[in-house]
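Peer 1: For reference, the sequence and a predicted model appear below.
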Amino acid sequence: MINELWPFFIVLFSSLFFSQLFKRFHVPWVITLIAAGMIIGPYGIGLVEKTIITDFMSEIGLIFVMFMAGLETNLFQKTRKGQLTNVIKISIVNGLIPFCTGYTIAYLFGYPALTSILLGIVFISSSIAVVIPSLTDAKLLKTKLGNTIITTTVIQDVASLIILSFVLQASSEASSVHPFILYPSLVILFFLFRKILPLVKSLFRKEFHNDDDIFEQELRSVLVLLIGIVVIFTSLGLHAILAAFFAGTVLSDIITHKRIRGQLHSIGYGIFVPIFFITVGLETDMSVLFTSDFTVIILALSVVLGSGVSKYISGYFASRFTGFSKPQSNMIAVSTIPQLSTTLAVAFTGVKLGIIAPELVTALILLTIFSTLVSPILAKMAAISCENEIEKNAK
């Protein structure tokens, strides 16, 4: 038992130690954890390897990553009709061009169609977890521009996950449910849960009058509902990462207590999520970049530059086409660049299914690192241009 718990202890200790170590250098938390996994893993100093325990915990961590993403994603947020039309146009252009770019890159490097599609899906997505802090710092979060950026990011993330579900469903031989039955059933269940769960919550509250009792019972209930919804959706053939995301969107309206959300965040990001990101690092072999085969280096550069350039160009020109000014279009474009949760989820899932090769995983990890580092810097510069434009128009 001690030997089995040793890797688990090392992973937890590393998440704490490296977070504090790199905090002084203002390195993003996720990058710190991935780097920690690379250092302590089999491709680093070999201090720890994956075990059944770390595998299980990382799977729970992946579910929490996607659940929290769904919880923070408001699929039904109110947007003006004209603004919604512009958002849809930007989302289509900013999704289609990067998808074609990702697919083409993988195809040119000789990967099969399924792998090429997965890379295209990665290029569609953007990270709202990186976008929101950038908008908050720029004081644009509650503006029309901020709403456009957030809604566009949400639409693209949801679209990429829906396409991913189709791809995984088509490639899986385990699911016995036909897609024409599966997806209508999922839609029905989704809206059924959204209608029934608030009623259950109201009845539940009548049974408990003490705030502490309500809090403790509600927290346990949310965790039970999370696992229950994931089990139901996965039993129908949906992959766990999609099931967890939709569980988050289902429960987003009924989890209104800030204390509950804070506790869920503490449980997820305090234990399970760090293990997932460190596990991603454990599986990342950076040594492939230093081989004599320059194709691997060219692949990594193509993925990083292809994603960033295609997202920026498509976002900028789509925004200009829908009537946004140059500074605003620049802000929208740079906000679509960061890749995080969906990218790592696809990489992790692709490795598990044997669809994504090690060198492509490494390229996706580099994409995550560079995009999350560069995007906030570019967003800060773009925000200054937006502020100058506002001051100029005010005079």
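Peer 2: Done, it's in.

Peer 1: Please enumerate the helices of the stretch 51-200 of the chain.
Peer 2: Listed in chain order, the helices of the stretch 51-200 of the chain (DSSP state H, counting those that start in this stretch) span 52-71, 81-108, 113-124, 128-137, 144-171, 179-207.

Peer 1: Next, the angle helix 128-137 makes with the first one.
Peer 2: Direction vectors for helix 52-71 and helix 128-137, defined by axes from the mean of the first three to the mean of the last three Cα atoms, to 10 degrees, enclose an angle of 50 degrees.

Peer 1: chain center to helix 52-71, what's the gap?
Peer 2: Centre-to-centre, helix 52-71 and its host chain are 12 Å apart (Cα atoms, centre = their mean, to the nearest Å).

Peer 1: and the direction of the helix or strand where Arg320 lies versus that of helix 144-171, what angle?
Peer 2: Here Arg320, judged by DSSP states H and E, is contained in helix 294-321. Following the same axes, to 10 degrees, one obtains 130 degrees for the angle between helix 294-321 and helix 144-171.

Peer 1: and helix 294-321, what does it pack onto?
Peer 2: helix 81-108, helix 113-124, helix 326-335, helix 358-394 (3 or more Cβ pairs under 8 Å, 6 or more residues apart in numbering; DSSP states H and E). C-beta coordinates here come from the backbone N, C-alpha and C atoms, glycine included.

Peer 1: ok, back up a step: can you tell me which of the helices of the stretch 51-200 of the chain is most buried?
Peer 2: Highest mean neighbour count of the helices of the stretch 51-200 of the chain: helix 113-124, a mean of 23 (counted as mean count of other Cβ atoms under 10 Å).

Peer 1: How far does it sit from its chain's centre?
Peer 2: The chain centroid and the centroid of helix 113-124 are separated by 15 Å under Cα atoms, centre = their mean.

Peer 1: could you give the angle of that helix to helix 294-321?
Peer 2: Going by the same axes, to 10 degrees, helix 113-124 makes 50 degrees with helix 294-321.

Peer 1: Helix 81-108 and helix 113-124, what's the angle between them?
Peer 2: Going by the same axes, to 10 degrees, helix 113-124 makes 140 degrees with helix 81-108.

Peer 1: please begin residue numbering at 28 from this point
Peer 2: Fine by me, first position is 28 from now on; the one you just mentioned is helix 140-151.

Peer 1: can you list contacts of helix 140-151?
Peer 2: The contact list for helix 140-151 (Cβ atoms under 8 Å, 6 or more residues apart in numbering) reads 122, 125-134, 138, 183, 186-187, 190-191, 194, 198, 330, 333-334, 337-338, 366, 369-370, 373-374, 377, 382-384, 387, 391, 394.

Peer 1: could you give the mean pLDDT of that helix?
Peer 2: For helix 140-151, mean pLDDT is 91.

Peer 1: what do you get for stretch 111-118?
Peer 2: On average, stretch 111-118 scores 84.
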